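1. Sharing a model prediction with you, sequence too.
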Amino acid sequence: MTGAGEPAHNRYSVPAHSPCQLTETPPLSQPSTADPSPRPSAPQEAQFQPFRRIDGATASGLLIVADHASNALPADYGTLGLPPAELARHIAYDIGVGPLTEALAARLGCPAVLAGFSRLLIDPNRGDDDPTLIMRISDGAVVPGNAGVGPQERACRLKRFWQPYSNAIEAAIDAGFVDRQPPILVSLHSFTPVWRGWPRPWHCGILWDNDPRLPQALLARLAADPALVVGDNEPYGGALSGDTMFRHATSRGLAHAIIEIRQDLLADDAGIAEWTERLAPMLGELAGDTEMHDIRMYGSRTGPVPALGS
Ligand SMILES: [Zn+2]
């Protein structure tokens with residue numbers, strides 16, 4: 001419900017102006033106020049980290065990435081005009097993926113890179129030219145802070161959030177090459193139990209494009225548990241030009257897979273522990289398979305794969 005004539009989002013913190021557009025002018029105001037006065041302090045902004053890296057051994061042969069691990073927003077973006085409860089929903093992040101990434105990295109001794117910002121700000125799992133990079137509406141929720149995003153603000157969010165996270169993944173992969181151990185790339189996500197009124201039957205899904213090495217090995221191992229309903233490119237297809245796997249794994253010939261787990265199964269410590277116990281032995285075993293570390297270009301079902309660095 002809204003007050004007479006007042007949009008609901010006015011009750012919540014939203015930049016009065018684009019923070020990025022304001023960076024080229026003298027120090028500006030708290031963006032949620034109409035009156036321009038000092039903008040959030042530099043130290044406050046400096047504290048916001050667009051990614052988090054968990055150190056691990058390149059000898060593990062694995063790198064875990066978590067595009068949607070965080071629902072964090074920098075202070076100068078407020079809540080993007082959303083009621084805080086919306087930031088606790090799946091539209092802001094993948095519930096359970098952060099703790100699962102931490103647990104798997106600890107168990108396997110492998111590095112991991114986790115995005116430190118909400119996908120509502122900018123989606124790190126989209127290409128930089130993807131029309132869904134910055135969503136104005138997500139699962140029915142209008143995002144007021146994204147309503148007026150133009151090319152300059154888009155470029156700023158790319159530079160401030162999307163690119164540093166992408167660079168961190170590249171750096172972690174490069175470290176593996178330096179140590180002559182190109183990593184298997186594992187991307188963790190979670191999905192909602194119900195979508196548009198339809199209960200999703202899968203406990204987890206393996207998403208992939210053309211490189212069958214890791215996906216088929218994981219599907220075979222997960223299928224050995226009769227209690228599990230496992231999606232093969234469900235609940236989503238795994239081929240998306242420009243997404244994280246496309247840019248960092250397909251384009252470099254790295255064996256890779258997206259593992260999607262239903263959110264209600266990662267809702268508490270017991271769920272995190274159960275999925276860590278399930279996945280860690282599989283991933284550890286497969287990381288020891290030399291075929292998984294060959295550089296092989298399988299291309300993409302989506303079309304041409306740009307040459308590295310282009
Ligand atoms: Zn996700």
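-> Here it is on my side, so go on.

2. burial measure for the closest residue to Asp225 other than its chain neighbours, as a count.
-> Nearest residue to Asp225, sequence neighbours excluded (CB to CB, 6 or more residues apart in numbering): Arg278, at 7.7 Å. Bear in mind the C-beta positions are built from the backbone N, C-alpha and C, glycine included. Around Arg278 there are 17 other residues, counting by other CB atoms under 10 Å.

3. State the three-state secondary structure for Arg278.
-> helix (DSSP: H, G, I helix; E, B strand; the rest coil).

4. Tabulate the CA atom coordinates of stretch 111-124 in PDB.
-> Extracted C-alpha coordinates of stretch 111-124, given in PDB (Å, rounded to 0.1, in the frame of the first residue of the first chain):
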ATOM      1  CA  PRO A 111      40.700 -20.800  -4.100                       C
ATOM      2  CA  ALA A 112      37.300 -19.200  -4.500                       C
ATOM      3  CA  VAL A 113      36.100 -15.800  -5.800                       C
ATOM      4  CA  LEU A 114      32.800 -14.500  -4.500                       C
ATOM      5  CA  ALA A 115      31.100 -11.400  -5.800                       C
ATOM      6  CA  GLY A 116      30.600  -8.800  -3.000                       C
ATOM      7  CA  PHE A 117      27.600  -7.000  -4.400                       C
ATOM      8  CA  SER A 118      24.000  -7.800  -5.100                       C
ATOM      9  CA  ARG A 119      23.000  -8.800  -8.600                       C
ATOM     10  CA  LEU A 120      20.300  -6.100  -8.300                       C
ATOM     11  CA  LEU A 121      23.100  -3.500  -8.600                       C
ATOM     12  CA  ILE A 122      24.600  -5.200 -11.700                       C
ATOM     13  CA  ASP A 123      24.600  -8.900 -12.600                       C
ATOM     14  CA  PRO A 124      28.100 -10.300 -12.700                       C
END
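
5. I'd like to know the average pLDDT value across it.
-> For stretch 111-124, mean pLDDT rounds to 98.

6. Check stretch 280-292 too.
-> On average, stretch 280-292 scores 97.

7. Next: stretch 69-80.
-> 96.
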